[in-house]
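Enquirer: need a 3D model of the following:
(one chain, ligands or ions: 2)
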Amino acid sequence: IVHIAAINKDRTIDDYQRIYNKIAEKIREDDEYDGYIGYGPVLVRLGWHSSGTYNKENNSGGSYGGTYRFKLENSDPSNNGLQNAAQFLDPIYKEFNWISHGDLYTLGAVCAIQEAQGPKIKWRPGRVDLPESATPENGRLPDAVNGADYVRKFYARLRMNDREAVALTGAHCLGRTHLKNSGFDGPWGAASSSFTNEFFINLLNEQWKLQKNAAGNKQYDSPKGYMMLETDYALIQDPIYLKIVKEYANNEASFFKDFASSFQKLLENGIDYPKGAPEYIFKTLDDQDM
Ligand code: HEM
Ligand SMILES: Nc1cccc2nccn12
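Expert: Ligands and ions are numbered 1, 2, ... in the order given. The predicted structure is shown next:
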(Lines give C-alpha, C1' and ligand atoms only; values in the text may rest on other atoms or scores of the structure.)
(Ligands and ions follow the chains in the order given, each with its own letter.)
Protein backbone atom coordinates (compact mmCIF):
# COMPACT_ATOMS: atom_id res chain seq x y z
CA ILE A 1 0.00 0.00 0.00
CA VAL A 2 1.39 3.41 -0.94
CA HIS A 3 0.07 6.70 0.46
CA ILE A 4 1.43 9.81 -1.27
CA ALA A 5 1.04 13.11 0.62
CA ALA A 6 -1.28 15.44 -1.35
CA ILE A 7 0.31 18.90 -1.48
CA ASN A 8 -2.40 21.59 -1.39
CA LYS A 9 -0.79 24.64 -3.03
CA ASP A 10 -3.59 26.97 -1.85
CA ARG A 11 -2.79 26.42 1.82
CA THR A 12 0.18 28.09 3.54
CA ILE A 13 1.62 27.91 7.04
CA ASP A 14 -0.78 30.76 8.02
CA ASP A 15 -3.78 28.53 7.32
CA TYR A 16 -2.42 25.75 9.52
CA GLN A 17 -1.19 28.17 12.22
CA ARG A 18 -4.80 29.47 12.38
CA ILE A 19 -6.04 25.92 13.11
CA TYR A 20 -3.18 25.40 15.58
CA ASN A 21 -4.20 28.59 17.41
CA LYS A 22 -7.88 27.54 17.52
CA ILE A 23 -6.91 24.22 19.12
CA ALA A 24 -4.47 25.91 21.52
CA GLU A 25 -7.05 28.52 22.59
CA LYS A 26 -9.66 25.80 23.12
CA ILE A 27 -7.21 23.80 25.27
CA ARG A 28 -6.76 26.93 27.40
CA GLU A 29 -10.53 27.61 27.49
CA ASP A 30 -11.76 24.09 28.33
CA ASP A 31 -9.42 23.77 31.32
CA GLU A 32 -11.80 21.86 33.64
CA TYR A 33 -11.66 18.60 31.67
CA ASP A 34 -10.58 15.48 33.62
CA GLY A 35 -10.15 17.19 36.97
CA TYR A 36 -8.40 20.24 35.47
CA ILE A 37 -5.76 18.16 33.68
CA GLY A 38 -7.21 19.61 30.48
CA TYR A 39 -7.54 18.20 26.96
CA GLY A 40 -3.82 18.20 26.08
CA PRO A 41 -3.02 14.61 27.09
CA VAL A 42 -6.04 12.99 25.44
CA LEU A 43 -5.32 14.97 22.22
CA VAL A 44 -1.77 13.59 22.27
CA ARG A 45 -3.15 10.08 22.74
CA LEU A 46 -5.54 10.50 19.79
CA GLY A 47 -2.66 11.56 17.52
CA TRP A 48 -0.59 8.60 18.71
CA HIS A 49 -3.40 6.02 18.44
CA SER A 50 -4.42 7.17 14.96
CA SER A 51 -0.79 6.62 13.93
CA GLY A 52 -0.01 3.54 16.04
CA THR A 53 -2.04 1.16 13.83
CA TYR A 54 0.85 1.28 11.31
CA ASN A 55 2.41 -2.00 10.23
CA LYS A 56 5.72 -1.76 8.38
CA GLU A 57 5.26 -5.31 6.97
CA ASN A 58 2.66 -4.13 4.44
CA ASN A 59 2.75 -0.37 5.04
CA SER A 60 -0.87 -0.52 6.26
CA GLY A 61 -2.59 1.55 8.96
CA GLY A 62 -1.14 4.78 10.27
CA SER A 63 -2.45 8.35 10.28
CA TYR A 64 -2.82 8.97 6.51
CA GLY A 65 -6.47 7.98 5.94
CA GLY A 66 -7.99 9.48 9.10
CA THR A 67 -9.81 6.16 9.63
CA TYR A 68 -10.18 6.80 13.38
CA ARG A 69 -13.36 8.67 12.31
CA PHE A 70 -14.99 5.33 11.43
CA LYS A 71 -16.81 3.18 13.99
CA LEU A 72 -14.62 0.11 13.54
CA GLU A 73 -11.55 2.01 14.69
CA ASN A 74 -13.03 4.44 17.24
CA SER A 75 -14.87 1.58 18.99
CA ASP A 76 -11.65 -0.45 19.39
CA PRO A 77 -11.43 -1.00 23.18
CA SER A 78 -7.83 0.29 22.97
CA ASN A 79 -9.36 3.65 21.99
CA ASN A 80 -11.73 3.95 24.99
CA GLY A 81 -11.81 7.59 26.13
CA LEU A 82 -10.50 9.08 22.89
CA GLN A 83 -14.07 10.09 21.98
CA ASN A 84 -13.42 13.08 24.26
CA ALA A 85 -10.58 14.22 22.01
CA ALA A 86 -12.64 13.66 18.85
CA GLN A 87 -15.54 15.68 20.31
CA PHE A 88 -13.09 18.43 21.26
CA LEU A 89 -11.89 18.62 17.62
CA ASP A 90 -15.38 18.41 16.04
CA PRO A 91 -16.18 22.16 16.09
CA ILE A 92 -12.69 22.94 14.77
CA TYR A 93 -13.17 20.51 11.87
CA LYS A 94 -16.56 22.18 11.11
CA GLU A 95 -14.88 25.58 10.88
CA PHE A 96 -11.88 24.36 8.84
CA ASN A 97 -13.35 21.43 6.92
CA TRP A 98 -10.76 21.78 4.15
CA ILE A 99 -8.30 19.90 6.39
CA SER A 100 -8.16 16.09 6.30
CA HIS A 101 -8.96 14.14 9.48
CA GLY A 102 -5.47 12.63 9.54
CA ASP A 103 -3.90 16.07 9.37
CA LEU A 104 -6.29 17.36 12.07
CA TYR A 105 -5.66 14.48 14.51
CA THR A 106 -1.88 14.79 14.17
CA LEU A 107 -1.89 18.60 14.23
CA GLY A 108 -3.95 18.43 17.45
CA ALA A 109 -1.33 16.20 19.08
CA VAL A 110 1.57 18.45 17.99
CA CYS A 111 -0.31 21.50 19.30
CA ALA A 112 -1.02 19.80 22.65
CA ILE A 113 2.63 18.89 23.18
CA GLN A 114 3.95 22.35 22.27
CA GLU A 115 1.31 24.12 24.41
CA ALA A 116 2.35 21.86 27.34
CA GLN A 117 5.83 23.44 27.03
CA GLY A 118 7.17 20.39 25.22
CA PRO A 119 9.59 20.46 22.26
CA LYS A 120 8.70 21.93 18.85
CA ILE A 121 7.56 19.10 16.58
CA LYS A 122 7.95 19.45 12.80
CA TRP A 123 4.68 18.73 11.00
CA ARG A 124 3.91 18.07 7.32
CA PRO A 125 0.36 18.28 5.85
CA GLY A 126 -0.87 16.01 3.06
CA ARG A 127 -2.83 13.17 4.66
CA VAL A 128 -5.97 12.33 2.64
CA ASP A 129 -9.29 10.97 4.01
CA LEU A 130 -9.69 7.35 2.91
CA PRO A 131 -13.01 5.44 2.74
CA GLU A 132 -14.26 3.23 5.57
CA SER A 133 -12.96 0.17 3.70
CA ALA A 134 -9.41 1.35 4.45
CA THR A 135 -9.94 1.09 8.23
CA PRO A 136 -7.40 -1.24 9.85
CA GLU A 137 -8.74 -4.07 12.01
CA ASN A 138 -8.79 -3.76 15.83
CA GLY A 139 -5.93 -5.12 17.92
CA ARG A 140 -2.95 -3.25 16.43
CA LEU A 141 -2.46 -0.98 19.46
CA PRO A 142 -0.29 -2.18 22.35
CA ASP A 143 -1.43 -3.95 25.54
CA ALA A 144 -0.06 -2.63 28.82
CA VAL A 145 0.39 -5.96 30.61
CA ASN A 146 3.66 -6.94 28.99
CA GLY A 147 7.42 -6.88 29.39
CA ALA A 148 10.45 -5.58 27.50
CA ASP A 149 10.49 -8.20 24.73
CA TYR A 150 6.90 -7.34 23.81
CA VAL A 151 7.64 -3.59 23.93
CA ARG A 152 10.71 -3.98 21.67
CA LYS A 153 8.79 -6.13 19.19
CA PHE A 154 5.78 -3.80 19.16
CA TYR A 155 7.87 -0.71 18.42
CA ALA A 156 9.83 -2.55 15.71
CA ARG A 157 6.53 -2.86 13.80
CA LEU A 158 6.41 0.95 13.85
CA ARG A 159 10.04 1.13 12.63
CA MET A 160 11.15 2.44 16.06
CA ASN A 161 14.50 1.48 17.67
CA ASP A 162 15.21 1.30 21.43
CA ARG A 163 15.91 5.03 21.85
CA GLU A 164 12.78 5.99 19.90
CA ALA A 165 10.69 3.54 21.95
CA VAL A 166 11.92 4.95 25.27
CA ALA A 167 11.58 8.56 24.11
CA LEU A 168 8.00 8.02 22.90
CA THR A 169 6.99 6.41 26.20
CA GLY A 170 8.09 9.66 27.88
CA ALA A 171 4.73 11.09 26.79
CA HIS A 172 3.37 9.27 29.84
CA CYS A 173 4.45 12.37 31.74
CA LEU A 174 1.05 13.67 30.57
CA GLY A 175 -2.43 12.91 31.80
CA ARG A 176 -3.39 9.73 33.58
CA THR A 177 -4.92 6.28 33.32
CA HIS A 178 -8.66 5.92 33.88
CA LEU A 179 -10.15 2.71 35.24
CA LYS A 180 -13.24 3.09 33.04
CA ASN A 181 -11.15 3.55 29.88
CA SER A 182 -8.32 1.04 30.15
CA GLY A 183 -8.80 -0.82 33.43
CA PHE A 184 -5.80 0.96 34.94
CA ASP A 185 -6.06 3.36 37.84
CA GLY A 186 -4.27 6.43 39.09
CA PRO A 187 -2.01 8.20 39.42
CA TRP A 188 -3.46 9.70 42.51
CA GLY A 189 -0.43 12.00 42.71
CA ALA A 190 -0.28 15.09 40.51
CA ALA A 191 -1.23 13.98 37.02
CA SER A 192 0.62 16.51 34.95
CA SER A 193 -0.38 18.69 32.04
CA SER A 194 3.21 19.83 31.42
CA PHE A 195 5.55 17.99 29.10
CA THR A 196 8.76 17.19 31.03
CA ASN A 197 11.19 14.28 31.61
CA GLU A 198 9.60 13.47 34.97
CA PHE A 199 8.24 10.13 33.73
CA PHE A 200 11.86 8.92 33.63
CA ILE A 201 12.75 10.56 36.96
CA ASN A 202 9.76 8.94 38.70
CA LEU A 203 10.52 5.58 37.09
CA LEU A 204 14.02 5.66 38.63
CA ASN A 205 13.29 7.32 41.98
CA GLU A 206 10.03 5.85 43.27
CA GLN A 207 9.66 2.53 45.11
CA TRP A 208 7.38 0.53 42.81
CA LYS A 209 5.14 -2.25 44.05
CA LEU A 210 3.33 -4.57 41.61
CA GLN A 211 -0.25 -4.97 42.75
CA LYS A 212 -3.70 -5.69 41.39
CA ASN A 213 -5.89 -2.65 40.98
CA ALA A 214 -9.66 -2.39 41.55
CA ALA A 215 -10.30 -3.94 38.12
CA GLY A 216 -7.99 -6.87 38.92
CA ASN A 217 -5.29 -5.70 36.52
CA LYS A 218 -1.64 -5.60 37.57
CA GLN A 219 0.09 -2.24 37.76
CA TYR A 220 3.00 -0.72 39.71
CA ASP A 221 2.06 1.75 42.44
CA SER A 222 4.31 4.03 44.51
CA PRO A 223 3.87 5.35 48.10
CA LYS A 224 3.54 8.86 46.66
CA GLY A 225 0.49 7.76 44.66
CA TYR A 226 2.11 7.46 41.24
CA MET A 227 1.56 4.45 38.96
CA MET A 228 3.34 2.69 36.13
CA LEU A 229 2.03 0.20 33.62
CA GLU A 230 3.94 -3.06 33.20
CA THR A 231 5.14 -1.79 29.80
CA ASP A 232 6.41 1.37 31.52
CA TYR A 233 8.22 -0.59 34.22
CA ALA A 234 9.79 -2.81 31.54
CA LEU A 235 11.95 0.19 30.63
CA ILE A 236 13.95 -0.18 33.88
CA GLN A 237 13.97 -4.00 33.82
CA ASP A 238 15.72 -4.26 30.45
CA PRO A 239 19.41 -3.20 30.71
CA ILE A 240 19.47 -1.48 27.30
CA TYR A 241 16.27 0.49 27.97
CA LEU A 242 17.48 1.33 31.52
CA LYS A 243 20.57 3.10 30.19
CA ILE A 244 18.40 5.31 27.96
CA VAL A 245 15.92 6.01 30.79
CA LYS A 246 18.87 7.25 32.92
CA GLU A 247 20.08 9.47 30.08
CA TYR A 248 16.68 11.12 29.67
CA ALA A 249 16.18 11.46 33.44
CA ASN A 250 19.46 13.37 33.62
CA ASN A 251 19.18 15.32 30.38
CA GLU A 252 15.80 16.77 29.51
CA ALA A 253 17.21 18.41 26.35
CA SER A 254 18.28 15.03 25.01
CA PHE A 255 14.80 13.63 25.76
CA PHE A 256 13.14 16.59 24.03
CA LYS A 257 15.34 16.24 20.93
CA ASP A 258 14.70 12.51 20.57
CA PHE A 259 11.00 12.82 21.38
CA ALA A 260 10.51 15.50 18.72
CA SER A 261 12.06 13.36 15.97
CA SER A 262 10.41 10.10 17.10
CA PHE A 263 6.95 11.67 17.40
CA GLN A 264 7.18 13.19 13.91
CA LYS A 265 8.27 9.79 12.57
CA LEU A 266 5.35 8.10 14.38
CA LEU A 267 2.84 10.57 12.91
CA GLU A 268 4.27 10.19 9.39
CA ASN A 269 4.72 6.40 9.22
CA GLY A 270 3.29 5.03 5.95
CA ILE A 271 3.27 8.35 4.10
CA ASP A 272 5.48 9.18 1.08
CA TYR A 273 6.18 12.92 0.95
CA PRO A 274 7.14 14.30 -2.50
CA LYS A 275 10.42 16.21 -2.71
CA GLY A 276 9.96 19.78 -1.48
CA ALA A 277 6.78 18.93 0.46
CA PRO A 278 6.19 21.78 2.97
CA GLU A 279 7.28 21.15 6.56
CA TYR A 280 6.07 23.48 9.32
CA ILE A 281 7.14 24.41 12.85
CA PHE A 282 4.22 26.15 14.54
CA LYS A 283 4.53 29.03 16.97
CA THR A 284 3.01 28.51 20.43
CA LEU A 285 0.45 31.01 21.74
CA ASP A 286 3.24 32.28 24.03
CA ASP A 287 5.55 32.74 21.02
CA GLN A 288 2.81 34.96 19.53
CA ASP A 289 2.19 36.82 22.82
CA MET A 290 -1.42 35.49 22.73
C1 HEM B 1 3.63 0.10 24.86
C2 HEM B 1 3.12 1.30 24.52
C3 HEM B 1 2.00 1.96 25.26
C4 HEM B 1 1.03 1.42 26.07
C5 HEM B 1 0.79 -0.05 26.44
C6 HEM B 1 0.20 2.55 26.53
C7 HEM B 1 -0.91 2.41 27.38
C8 HEM B 1 -1.64 3.47 27.89
C9 HEM B 1 -2.78 3.32 28.76
C10 HEM B 1 -3.37 1.99 29.24
C11 HEM B 1 -3.24 4.57 29.04
C12 HEM B 1 -4.43 4.95 29.92
C13 HEM B 1 -5.61 5.30 29.01
C14 HEM B 1 -6.82 5.69 29.88
O15 HEM B 1 -7.14 4.90 30.81
O16 HEM B 1 -7.44 6.76 29.63
C17 HEM B 1 -2.37 5.51 28.36
C18 HEM B 1 -2.50 6.88 28.43
C19 HEM B 1 -1.73 7.77 27.70
N20 HEM B 1 -0.79 7.43 26.74
FE21 HEM B 1 0.00 5.61 26.45
N22 HEM B 1 0.69 3.72 26.03
C23 HEM B 1 1.76 3.41 25.23
C24 HEM B 1 2.51 4.31 24.48
C25 HEM B 1 2.21 5.67 24.35
C26 HEM B 1 2.85 6.56 23.39
C27 HEM B 1 3.89 6.12 22.34
C28 HEM B 1 2.32 7.81 23.58
C29 HEM B 1 2.59 9.11 22.87
C30 HEM B 1 3.74 9.41 22.27
C31 HEM B 1 1.35 7.68 24.68
C32 HEM B 1 0.63 8.74 25.20
C33 HEM B 1 -0.33 8.61 26.22
C34 HEM B 1 -0.96 9.75 26.87
C35 HEM B 1 -0.69 11.23 26.58
C36 HEM B 1 -1.85 9.22 27.81
C37 HEM B 1 -2.76 9.99 28.78
C38 HEM B 1 -4.14 10.11 28.16
C39 HEM B 1 -5.13 10.83 29.08
O40 HEM B 1 -4.72 11.38 30.12
O41 HEM B 1 -6.34 10.83 28.73
N42 HEM B 1 1.31 6.38 25.13
N43 HEM B 1 -1.40 4.81 27.66
N1 LIG C 1 0.18 9.48 32.98
C2 LIG C 1 0.30 8.20 32.55
C3 LIG C 1 -0.50 7.73 31.51
C4 LIG C 1 -0.33 6.44 31.03
C5 LIG C 1 0.61 5.61 31.57
C6 LIG C 1 1.39 6.10 32.62
N7 LIG C 1 2.37 5.52 33.30
C8 LIG C 1 2.85 6.40 34.19
C9 LIG C 1 2.14 7.57 34.10
N10 LIG C 1 1.23 7.37 33.09
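
Enquirer: could you tell me which residues of the stretch 151-290 of the chain lie near ligand 1?
Expert: Contacts of the stretch 151-290 of the chain with ligand 1, taken as Cβ under 6 Å from any ligand atom, map to 151, 154, 168-169, 171-172, 174-178, 181-182, 184, 229, 231, 263. For every residue, glycine as well, the C-beta is placed using N, CA and C.

Enquirer: out of the residues you listed, which are buried?
Expert: Those of these that meet the buried threshold are 151, 154, 168-169, 171-172, 174-177, 181-182, 184, 229, 231, 263, by 16 or more other Cβ atoms under 10 Å.

Enquirer: considering the residues you listed, which is situated nearest to ligand 1?
Expert: residue 175 (2.1 Å; Cβ to the nearest ligand atom).

Enquirer: so that closest one touches residue 37, yeah?
Expert: Yes - at 5.8 Å, residue 175 counts as touching residue 37 under the criterion of Cβ atoms under 8 Å.

Enquirer: what is in contact with these two at once?
Expert: 191, 192, 193 (Cβ atoms under 8 Å, 6 or more residues apart in numbering).

Enquirer: per-residue pLDDT of the spatially most central residue of the chain, please?
Expert: The chain has residue 48 as the residue nearest its centroid, 3.4 Å off, counting by Cα atoms, centre = their mean. Model confidence at residue 48, expressed as pLDDT, equals 99.

Enquirer: secondary structure class for it?
Expert: helix (DSSP: H, G, I helix; E, B strand; the rest coil).

Enquirer: give the contact list for it.
Expert: Per Cβ under 8 Å, 6+ apart, neighbours of residue 48: 109, 168, 171, 266.

Enquirer: the first one: what's it in contact with?
Expert: Contact criterion Cβ under 8 Å, 6+ apart gives 43, 44, 46, 47, 48, 263, 267 as the residues in contact with residue 109.

Enquirer: kindly reformat those residues as CSV and extend each row with distance to ligand 2.
Expert: Formatted as CSV, these follow (distance: Cβ to the nearest ligand atom, whole Å):
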residue, distance to ligand 2
43, 14
44, 10
46, 14
47, 15
48, 11
263, 16
267, 19
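
Enquirer: of those, just say which sits nearest to residue 7.
Expert: residue 267 (17.1 Å; Cβ to Cβ).

Enquirer: pretty sure the closest one belongs to a helix, no?
Expert: Yes - under three-state DSSP, residue 267 falls within a helix.

Enquirer: just the pLDDT for the residue lying closest to residue 69 once chain neighbours are set aside.
Expert: Nearest non-adjacent residue to residue 69, counting by Cβ to Cβ, 6 or more residues apart in numbering: residue 101, 5.0 Å away. For residue 101, the model assigns a pLDDT of 98.

Enquirer: what's the neighbour count on residue 101?
Expert: Look at residue 101: counted by other Cβ atoms under 10 Å, it has 23 neighbours.

Enquirer: then residue 21?
Expert: Residues lying near residue 21 (other Cβ under 10 Å) number 17.

Enquirer: report the buried residues of the helix or strand hosting it.
Expert: Assessed by DSSP states H and E, residue 21 sits inside helix 13-29. Under the neighbour-count criterion of 16+ other Cβ under 10 Å, helix 13-29 has 16, 19, 20, 21, 22, 23, 24, 26, 27 buried.

Enquirer: quick check, nearest of those residues to ligand 1?
Expert: Nearest to ligand 1 among those, with distances taken as Cβ to the nearest ligand atom, is residue 27, at 13.1 Å.

Enquirer: following the record's annotation, map out the domains of this protein.
Expert: In the domain annotation for the chain, the residue ranges read 3-140+263-272, 148-254 (automatic domain parsing).

Enquirer: can you redo these as JSON lines with distance to residue 289?
Expert: Output for the domains of the chain, formatted as JSON lines (distance: least, Cβ to Cβ, whole Å):
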{"stretch": "domain 3-140+263-272", "distance to residue 289": "12"}
{"stretch": "domain 148-254", "distance to residue 289": "20"}
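
Enquirer: mind checking which of those is nearest residue 278?
Expert: Per Cβ to Cβ, nearest to residue 278 of the domains of the chain: domain 3-140+263-272, 6.7 Å.

Enquirer: contacts for the host helix or strand of residue 169 next, please.
Expert: Using DSSP H and E, residue 169 sits in helix 162-169. The contact list for helix 162-169 (Cβ under 8 Å, 6+ apart) reads 48, 151-152, 155, 160, 199, 231-232, 235, 240-241, 244-245, 248, 255, 258-259, 261-263, 265-266.
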